[in-house]
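**Q** got a predicted structure plus its sequence, pasted below:
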Amino acid sequence: MLPFSLSNSFPGDLLFSLKTLLASGLALYIAFSLNLPQPYWALVTVLIIAQPYSGMIKSKALYRIIGTVVGASFIVFVMPLLINSPELFSLAICLWIAFCLFLSLYDGSPRSYGFILGGYTAALIGFPAVDSPGTIFLLARSRVEEVVLGVLTTFLVHELFFPRQVTPLLLSKMDQWISHVAKWGGEEISGRGTPGFPHGIGAEISAISAMGIHAAYESPDPRAIGWLDALMFRMRDLLPVLVDLGIHRKALLKISPELSEEMDILGGEVSDWITGKSHHSSKEMDLMVSRWFMSHGAPFKMTEAMAIPTELGSLMERLSVRFHDLILIWGDCRHMRQRIAHGGVEEPPPPKGRVSVFRDPLLPLLSALAVSLAVLASIFLWRSLDWPDGFAAAMMAAVSGTFFAAMDDPSVAILDFLAKINIGSAAGLFTLFFLLPKMHDFWGLMFVLSLALLPAGVMLARPDGPLKVLPFMIGFSGLIALQSTYHADFAHAWNTAISEAVGVFLAALSTILVRSVGVSFSIRRILASLHAELRQLAMLQGKMEREVFVDRMFDRIAPLMSRMGVIALEERKKLPDGLYEMVVGLDLIRLAEMREKLPSGLGEPLSRLIHAIGEYYDRPDQTRKASVKSLFDEVWTAVVTSVDLDVEAETLSLLASLRWTLDGGGFRSAHGGAVR
């Protein structure tokens, strides 16, 4: 239980704000005592890395320090090489920013934050030193010192005073996700609800995965993290099983409507179990499912006219397997959750790790190009106008252009950043010239700063708070530019505010021209990547490890579903969610495994079927669809006439499953992602 049960409750937010104010004051006091040249950098660092939970602070702080050191080292290394050419030095910084941004977006892991910091740290140090290269080492050293100071004070205060861990919140989100899956899955297998996949469930996977990364920084016991990882991986296995059950339940009732009532009873029993309305053990549920399928005949029924197993029998076999899979996975999830609740004292399963991260190079390239154009335009204005404070435009073009680059359309956020940084600059001007002159000691300074820091801290504690308040605080702290002694120059402050606004505006303009693609474009790119995975699997004839395939697919499905949740309902209905593709792929992998048990003469028609499915997902049309259906009939007949009964049953079950998955949504899914 968290000290404050709701992370967005006002008492919890206020406590976080007070801790952030204390960390800010401590950082400034130490910076003033050590006579550091730019104490406000320590203040800004506190505000940027301050997070409500200790694991979030640790993970962000680590990569902020690494990124700052790398960016500072780059500047110190490059400056002597280009000391006689300020323009080339500025260009080198611009290219470095673009390179770091590309790496950050392409990498997609927690260390991507370090790449971003490496990029704009070079801008913050390098551009002010273009015309005074002799100060470069001092600027780099002070930047590193003040960032490290801000990180350490933030970590110290938030760890010593009422630390809040992200692990309880993560477990709460997991429980909530399992509850949502149980509700949807219960409706899917019982026929009680509205058809369709709730995309919020998929979006929650991304949030849970991110929290899991932060939780790893909190727990000193690797077993606890091991159980969390194992539970997250096992939870993913539920989705394709539930989708598969829904597909084949509909297929079974279409072939044999008279089973509708009995199937509803079975689905209702399993639905009540996974939603917690009944309290049978996993073993009892497994026995009940087995008895139901046994009571409705042998898995394969023969037609009277000829000894060919019916599609009904194959679907019954598939449903039986999938119901047993669901009970096994759901039981595993409950078991793992109980182990976590009891402290995870047992050794967890071996970690599976990540085998794939979805990377689309197009958007990172466009983002790098957009920020390069913005920084170059800022440099051109600065140098051509001989603007003493024009370097601030290049700095803020780099900062604002990288902050929001991961969004589908960053231009809206950058324009909002522009509005808020202007408000912050105005507040900074008022503070610098009307409030600070009346203060004569450190405590008076902190009183003035608290007028901005306390409400900012309350907003920072909320999930959407940083995007709302950080631009204001960057503008505010940049204008007052706290140093050991009070110094106010209105012309310099005013020109700095204008220069920063120009840089952010140029970042927004270049983003609109080059980078704003919209959610629909990103969805189509992800769908095209999903279908490329299926084509690759078909080219390999299904020979891929199941865990590798699932991991590669979920790396695309999670961001796909996150975006599905923000588009219009009518547009969403026309697009696939990626789960049909996953089920198709898993069937292809299983079919490849079964092929080892089949006579050699069946290898050729099976290969042609798998290849035809890959061809269809490459270029979906009616001709390829007809070809796939024709090959299904050919392979079905070949299996029936060539294989012993045990192998025949499993193979035909897989073929029936694959056919109905494609008919139930796989064919439409391929059309939905055809635009690339």
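**A** Happy to help now that I have it. All of these numbers come straight from a predicted model, not from anything done at the bench.
**Q** can you pull out the strands in the stretch 201-350 of the chain?
**A** With DSSP state E, counting those that start in this stretch, there are no strands along the stretch 201-350 of the chain.
**Q** got any ranges where it has weak pLDDT?
**A** Regions of the stretch 201-350 of the chain meeting the criterion pLDDT under 70 cover residues 202-203, 219-222, 297-311, 343-345.
**Q** who touches F490 in this structure?
**A** By C-beta atoms under 8 Å, 6 or more residues apart in numbering, the contact set of F490 is F433. Using the backbone N, CA and C atoms, a C-beta is placed for each residue, glycine as well.
**Q** for it, phi and psi?
**A** phi -60, psi -40 (degrees, to the nearest 10).
**Q** what about W292, neighbour count?
**A** 18 (other C-beta atoms under 10 Å).
**Q** pull the CA atoms of stretch 137-150 into PDB?
**A** As requested, the backbone C-alpha atoms of stretch 137-150 are provided in PDB (Å, rounded to 0.1, in the frame of the first residue of the first chain):
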ATOM      1  CA  PHE A 137      36.100  23.700 -20.800                       C
ATOM      2  CA  LEU A 138      34.700  25.800 -17.900                       C
ATOM      3  CA  LEU A 139      31.200  25.600 -19.400                       C
ATOM      4  CA  ALA A 140      31.400  21.800 -19.900                       C
ATOM      5  CA  ARG A 141      32.800  21.200 -16.400                       C
ATOM      6  CA  SER A 142      30.200  23.400 -14.800                       C
ATOM      7  CA  ARG A 143      27.400  21.800 -16.700                       C
ATOM      8  CA  VAL A 144      28.400  18.400 -15.600                       C
ATOM      9  CA  GLU A 145      29.000  19.500 -12.000                       C
ATOM     10  CA  GLU A 146      25.600  21.200 -11.800                       C
ATOM     11  CA  VAL A 147      23.700  18.400 -13.400                       C
ATOM     12  CA  VAL A 148      25.300  15.900 -11.100                       C
ATOM     13  CA  LEU A 149      24.500  18.100  -8.100                       C
ATOM     14  CA  GLY A 150      20.900  18.400  -9.200                       C
END
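**Q** ok, and what's touching it?
**A** 23, 27, 30-31, 36-39, 41-46, 49, 64-65, 68-69, 72-73, 75-76, 121, 124-125, 128-129.
**Q** again with stretch 462-469
**A** Residues contacting stretch 462-469 (C-beta under 8 Å, 6+ apart): N8, D13, A413, D416, K420, A456, M459, L460.
**Q** so the closest residue to the fifth one other than its chain neighbours is in which element?
**A** Closest residue to K420 in three dimensions, ignoring its sequence neighbours and counting by C-beta to C-beta, 6 or more residues apart in numbering: P471, at 3.7 Å. Taking DSSP states H and E as the definition, one finds P471 inside helix 465-480.
**Q** would you mark the buried spots in that helix?
**A** Residues of helix 465-480 classed as buried: 465-467, 469-480 (neighbour count, 16 or more other C-beta atoms under 10 Å).
**Q** if I pick the most centrally placed residue in the chain, what's in contact with it?
**A** The residue lying closest to the centre of the chain (C-alpha atoms, centre = their mean) is S206, at 4.5 Å. Contacts of S206 were listed using C-beta under 8 Å, 6+ apart, and they are A558, P559, S562.
**Q** go through these and say which is closest to S522.
**A** In terms of C-beta to C-beta, no member of the contacts of S206 lies closer to S522 than P559, at 7.8 Å.
**Q** and the closest one, how many residues sit next to it?
**A** 22.
**Q** quick check: phi and psi on it?
**A** Dihedral angles for P559 - degrees, to the nearest 10 - are phi -70, psi -30.
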